[in-house]
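> Below: sequence and its predicted model.
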Amino acid sequence: MSLRSHFETLVRTVPPEQVADRGSEVDPASVGLDRKTIDAIWRATVGAYRTGLYPALALCIRRRGKVVLDRSLGHVAGNAPHDAPDARKVIATPNTLFNMFSASKMVTAMLVHLCDQRGLLHLDDPIARYVPAFGEHGKHRITIRHVLTHRAGIPHIPPQFADVGLLERPDEILSLLSQQKARWRAGQRLAYHALTGGFVLGAVIEKVTGKSLRDVMRDEILGPLRFDAFNFGVPASRLHEVALNAFTGPPVLPPLSQVLRRMLSVHFVEAVRVSNDPRFLTSVVPAGNIVTTANEASRFMQLLLDGGELDGVRVFETRTIQRAIAEQTFFELDLTMGAPIRYSMGFILGARFASPYGFNTSRAFGHLGFTNVFVYADPARDIAVGFMTSGKPALSPALVRTLWVMQTIAKRIPRDGRGPLRH
C-alpha cells in the first residue's frame, strides 16, 4: 500500500481484529453452507478493508432467510484520510448506519409498484397526470415506466442542485424539473437518471397516497416489519450514528471527472463532502439517501426474495415483484454510464459474466450506491446481501478487491435456491 499512497488518498488501516465486530449469526450448516464458505467471504471482505479505500464497511448476508454473516470493520469517524492521527476514533458496529445512496432507487421503485398493485396508478400513466406542471416543454408523454427504466430523457441534473440547501425546498426542486426540457424524446434513449427520476417518482407517490414519502415508508415497511432506520434520511438526533464518508483513491481526472460532474451536478469530491452535510442526511432524496444498516438493507432484499412476505407480514404480491425485476433492457448502452447495463423497472440485474454481483448471477437483482454500496438478492442462491462502505473512490486498481467480495459470495454459495423467485 506504500506505493499507492504516493498517488492515492488512503485510510490508515489497522489490524482488522482491532476494529471488527459482529452481530448474531446462525450456524452456516443450518442453511446448507460450511464454515469455510463464511470464512472465505470474510477474508475477501478484510482484503477490501486492507486496500485503504474504506474507513468503515459492513456486510450482512442472509441465506434461506437466516443471517449467516453480519459483521463490520473500521471506523465510523476519526480515521478518514485527512483526520488528525490523534482524532477521536469511533469503531463501526453492525448497528452503524450507512447511506445506501443510489441503491435507494429500488426502494422508491417498489413503492411505485406498491401503488400500482393497489390501483392508485398505472405504470404507463404520464407523470403529468399526477404532476401537471411536469408536462411542460414537451414532457407530457413521459410515463412512470419511462422514469423507472431510465428512458425519460431527463438524466441531467439542473445546476441549481449544486446547492445542498435546495433539499430543504422540495417544491422548488419539482419546479426546476418541470421547467427543464427533455434531452431526448421519451423512450428513445437509455441514460441513467442519477437524481432527477427519484424526485419525480417521489412526487407521484405522495400525490396518489396523500402522504409524505417518509410516512409511506413508515406505514408500509418500517411499521409492519419493525425496521429501525430504513428510511429517507435520519432525524437530527441520529446523525451521530451515521458513518462519515470520505473521498479515497486517485485524483479524479478528465474525462471521468467530466462524466461524474454531469451525473452528480458537482465535482466528485464535493459530492462526497455533501454526503456528510446534515441538510442532506436529514432531507428526503428518493434516489439517494435511504440510511440504514447492512442488516436491514439485507432484510429488505429478503422481503423481495421471499415474494413480498416477511415474518408473516405480506407487503407485496409476488407478481408485483416479478414484474418489478423483469428485464427491460438487455445490455443496451447506457449513455450516462457509458456501458451496457441490464435494467428492470427499478433494479440493476445481474448477468453471467459482466455483473456487479459476481459471475453467474443472471437471476440476481438489486442496485449499487455511490460509490461501492452493493444491495442485492440472488434467487438462484437464496441470498440477500447488504454491503455498505463509507470510502468513496471514483476509480482505483484496488477496487478489484471490493468486487472480489461479491465474486467470492457468488463462487462459494451454491445455486440451489428454492424460493418463489427461483425461476
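Received, thanks. Residues are numbered from 1 along each chain as shown.

> So Asp70 belongs to a strand, correct?
Yes - under the criterion used here (DSSP: H, G, I helix; E, B strand; the rest coil), Asp70 sits inside a strand.

> what pairs with it across the strands?
Cys60 (DSSP bridges).

> count of neighbours near it?
23 (other Cβ atoms under 10 Å). Backbone N, C-alpha and C define where each C-beta goes, glycine included.

> could you pull out the strands for the stretch 1-150 of the chain?
Counting by DSSP state E, counting those that start in this stretch, one finds strands in the stretch 1-150 of the chain at the ranges 20-22, 56-63, 66-77, 90-91, 98-99.

> Can you check which of these gets nearest to Phe134?
strand 98-99 (27.0 Å; Cβ to Cβ).

> Give me the contacts around the closest one.
Contact with strand 98-99 is made by 56, 58, 242-243, 245, 275, 281, 288-294, 369, 373, 388-390, as judged by Cβ atoms under 8 Å, 6 or more residues apart in numbering.

> Nearest residue to Arg71 in space, please, no chain neighbours.
With Cβ to Cβ, 6 or more residues apart in numbering as the criterion, Arg71 has its nearest non-adjacent residue at 4.4 Å, and that residue is Arg22.

> how near is the one you found to Thr93?
For Arg22, the distance to Thr93 equals 9 Å [Cβ to Cβ, to the nearest Å].

> of the two, who's got more company?
Each of Arg22 and Thr93 has its neighbours counted (other Cβ under 10 Å); Thr93 has more, 17 against 12.

> Next up, phi/psi of the more buried one, please.
Here is the backbone geometry of Thr93 (degrees, to the nearest 10): phi -130, psi 170.

> Model confidence for it, exactly?
Per-residue confidence at Thr93 stands at 98 (pLDDT).

> ok, now how distant is it from Gln180?
When Thr93 is compared with Gln180 (using Cβ to Cβ), they lie 42 Å apart.

> and the contacts of strand 98-99, which of them are in strands?
Ala56, Ala58, Ile290, Val291, Thr292, Gly369, Val373, Met388, Thr389 (DSSP state E).

> quick check, nearest of those to Phe230?
Thr292 (4.4 Å).

> List the contacts of the nearest residue to the closest one once chain neighbours are set aside.
Of all residues not flanking Thr292 in the chain, Phe230 sits nearest, at 4.4 Å (Cβ to Cβ, 6+ apart). For Phe230, the contacting residues are Met217, Ile221, Leu222, Ile290, Thr292, Glu296, Ala297, Arg299, Phe300, by Cβ under 8 Å, 6+ apart.

> per-residue confidence for the fourth one?
Ile290 carries a pLDDT score of 98 in this model.

> quick one: it and Asp378, what's the gap?
Shown here: Ile290 relative to Asp378, a distance of 21 Å by Cβ to Cβ.

> Tell me the spacing between Val67 and Leu3.
Taken as Cβ to Cβ, the span from Val67 to Leu3 is 38 Å.

> most centrally placed residue in this protein?
Centroid-nearest residue in the chain, with Cα atoms, centre = their mean: Ala103, separated by 1.6 Å.

> Quick check: which ranges of the stretch 1-150 of the chain have low pLDDT?
Scanning the stretch 1-150 of the chain for pLDDT under 70 picks out 1-2.

> now with 50?
1 (pLDDT under 50).

> mind listing what Asp86 touches?
With Cβ under 8 Å, 6+ apart, Asp86 has no contacts at all.
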